[in-house]
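Visitor: next come a sequence and a model predicted from it.
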Amino acid sequence: MKDLAEVPRVYADLRDFLLGGGRPANVYEVCDTVELKVSYRLRALQPGGQPRGTAGRLRAAWERQVGYHPVLHVHPDDVPEGLPLPSQIGATVLVPVYGWIPAGPLNLAGQAFESAFLLDKRPVGDGTLFMLKVVGDSMTDAGIADGNWVVVRQQEDARNGEIVAAMVDDEVTVKTLHREPGTLELVPQNPDYKPIPVTELTILGTVVGVVHQALPIEGRGHMGPGGEIDLSLLAELADAAAQARDAAGARQLYTALLQAHQQVSGPKHPDTLTAQYNVAHWTGEAGNPADACTQLVALRELLEQFYGPDDEDALALGAKHAYWTWQGGNVAAARDLYAALLPAMFGALGREHPFVLAVRAQFATCTALAGDVIEALRLFSVLVPETERALGADHPETLAARTSLAAMTDQTGDKAGARRQLADLLPLARQRLGPRHPVTHAARGNLIRLEQELRR
């Protein structure tokens, strides 16, 4: 796969295109003009230098957090003579890559550069930009891997928690800044490395983007113009398969996306974990609940290792494990998994958190299916008023819980009580859910049946 750095002085028309006619160039147009197969991509970071997608990693699985943009790697001989770097050209910015930066205050003017990248300006924003090549794996959890290039916005200070390029003892390093009264540390984003306490440092700038080499893979339907992985396109295809309920297709595409993220961002990155969750979910949807459970257990253990056993996403994986155990036919085991999980969920999220309420309803249902109708009646009797208080009387979760409570009341022999519950429920269900909704339909059918039985 060719790029400009590998073929010096071949793409003279790049200079003509960028500087000729005042036309506002963009990277995509440059690719077409020089007939270049793009082999590098930029991943933008949020303002403040934090990687996107760290909150709600798993249950926001269909929300794409990261955009990937093609970039061009330019050999120094192909940089127009006399053009100052960095240099904004149309909708792009030509950013120099420095292999060595002298100690002292940063002065990029006249500094020798190794090569340059032509970037889409929108993801990286304004300011004086330069780039450094990363050596080592101390920042893999932030999606910055060995051999990547980081895009740095030059500035002399940074906020606590930002990823910075800093000079310590005449050496440049990329780390997360941790600054509190009496504490100044450079913190790696890899649990294998310890924070570095410092007494003084020179901040060169904050990291606003990461450039990685695109990865050639087998297959069709997720390739970029040069045969490289287009992660954003691959994610869109996987999401489209999920929305179409194409379980086998979604599993296959999310598996390809997982493999790509493992290589690009590392096994601990939120995007990798999200893709791993999606693979497990669609494995279950494709009719393999046992395999889904195995994958979910492994992923939950990984999250507990990173974030602790009370991590919200680790608990969500535990609930999903119980669900697929239930769908696999082992209702008693699923009930036991829910019972073991709920105390931790109560402690971490509270009894009336919407997600916890949904898990409690699943636990009560499994309890009934396992044959303990009296206990299920007790669980639903407690759950209904708490769900109503948390979500509202006409919320679909409340109406579903009330339907289940009426069913348990019926199964324990109190047909008159079940009839009263359904008669109170049905008008709300019709108004809120509509006459053809499964909850409305079930409530109406059971009410008619109970009225006929009570008339006999």
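Guide: Everything's here; your move.

Visitor: all strands of this protein, in order?
Guide: Under the criterion DSSP state E, the chain contains strands at 40-44, 68-74, 87-89, 92-97, 115-120, 129-133, 149-154, 163-168, 171-180, 183-187, 196-197, 202-213.

Visitor: and the fifth one, what does it pack onto?
Guide: Just to be clear, that refers to strand 115-120. Strand 115-120 is packed against helix 27-34, strand 40-44, strand 68-74, strand 92-97, strand 149-154, strand 202-213, with contacts defined by 3 or more CB pairs under 8 Å, 6 or more residues apart in numbering; DSSP states H and E. All C-beta spots, glycine's among them, are computed from the backbone N, C-alpha and C.

Visitor: kindly recompute the last result at 10 Å.
Guide: The contact analysis (3 or more CB pairs under 10 Å, 6 or more residues apart in numbering; DSSP states H and E) places strand 115-120 against helix 27-34, strand 40-44, strand 68-74, strand 87-89, strand 92-97, strand 129-133, strand 149-154, strand 202-213.

Visitor: please apply the same query to the fourth one.
Guide: Packed against strand 92-97 by the contact rule (3+ CB pairs under 10 Å, 6+ apart) you find helix 27-34, strand 68-74, strand 87-89, strand 115-120, helix 121-124, strand 129-133, strand 149-154, strand 202-213.

Visitor: could you dump those into CSV and include mean pLDDT and distance to Ala166?
Guide: Converted to CSV, these look like this (pLDDT from 0 to 100; distance: least, CB to CB, whole Å):
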stretch, mean pLDDT, distance to Ala166
helix 27-34, 49, 29
strand 68-74, 69, 24
strand 87-89, 73, 25
strand 115-120, 81, 21
helix 121-124, 78, 19
strand 129-133, 90, 11
strand 149-154, 90, 10
strand 202-213, 85, 5
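
Visitor: got CSV for these, with distance to Ala339 and mean neighbour count too?
Guide: Below are these laid out as CSV (distance: least, CB to CB, whole Å; neighbours: other CB atoms under 10 Å):
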stretch, distance to Ala339, mean neighbour count
helix 27-34, 55, 17
strand 68-74, 43, 23
strand 87-89, 61, 17
strand 115-120, 52, 24
helix 121-124, 47, 17
strand 129-133, 52, 22
strand 149-154, 47, 24
strand 202-213, 44, 22
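
Visitor: now do the contacts for Ser352.
Guide: You called it Ser, but residue 352 is Glu. Phe346, Arg360, Leu383, Glu386, Thr387, Arg389, Ala390, Leu391 (CB atoms under 10 Å, 6 or more residues apart in numbering).

Visitor: run the last query once more with 8 Å
Guide: By CB atoms under 8 Å, 6 or more residues apart in numbering, the contact list for Glu352 reads Glu386, Thr387, Arg389, Ala390.

Visitor: just the terminal-to-terminal distance for stretch 162-182.
Guide: 18 Å (CA to CA, to the nearest Å).

Visitor: residues of it that come out buried?
Guide: Neighbour counts over stretch 162-182 (16 or more other CB atoms under 10 Å) mark 162-167, 172-178 as buried.

Visitor: and if you look at stretch 446-456?
Guide: Going by neighbour count (16+ other CB under 10 Å), the buried part of stretch 446-456 is Asn446, Leu447, Leu450.

Visitor: so Leu83 sits against Leu94, correct?
Guide: Yes - under the contact definition of CB atoms under 8 Å, Leu83 touches Leu94, with a separation of 7.2 Å.

Visitor: out of the buried residues of stretch 162-182, the closest to Leu257 would be?
Guide: The shortest approach to Leu257 among these belongs to Ile163, at 24.3 Å (CB to CB).

Visitor: residues in contact with stretch 290-297?
Guide: Contacts of stretch 290-297 with the rest of the structure, by CB under 8 Å, 6+ apart, involve 276-277, 279-281, 283-284, 317, 320-321, 324-325, 328.

Visitor: report the mean confidence score over it.
Guide: Summarised as a single mean, pLDDT over stretch 290-297 is 94.

Visitor: same check, this time on stretch 311-324
Guide: The average pLDDT within stretch 311-324 is 90.

Visitor: from the chain's centroid, how far away is that stretch?
Guide: Put simply, stretch 311-324 sits 16 Å off its chain's centre (CA atoms, centre = their mean, to the nearest Å).

Visitor: also stretch 188-205?
Guide: Here stretch 188-205 is found 26 Å from its chain centre; the criterion is CA atoms, centre = their mean.

Visitor: what is the end-to-end distance of it?
Guide: Where stretch 188-205 begins and where it ends lie 17 Å apart, using CA to CA.

Visitor: now do the helices in this structure.
Guide: Applying DSSP state H to the chain gives helices spanning 12-19, 27-34, 121-124, 231-243, 247-264, 270-285, 289-307, 312-327, 331-349, 354-369, 373-391, 396-411, 415-433, 438-455.

Visitor: distance to Arg419 for the helices and strands packed on strand 92-97 - can I get that in JSON lines?
Guide: Converted to JSON lines, those look like this (distance: least, CB to CB, whole Å):
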{"stretch": "helix 27-34", "distance to Arg419": "66"}
{"stretch": "strand 68-74", "distance to Arg419": "58"}
{"stretch": "strand 87-89", "distance to Arg419": "74"}
{"stretch": "strand 115-120", "distance to Arg419": "65"}
{"stretch": "helix 121-124", "distance to Arg419": "61"}
{"stretch": "strand 129-133", "distance to Arg419": "71"}
{"stretch": "strand 149-154", "distance to Arg419": "67"}
{"stretch": "strand 202-213", "distance to Arg419": "63"}
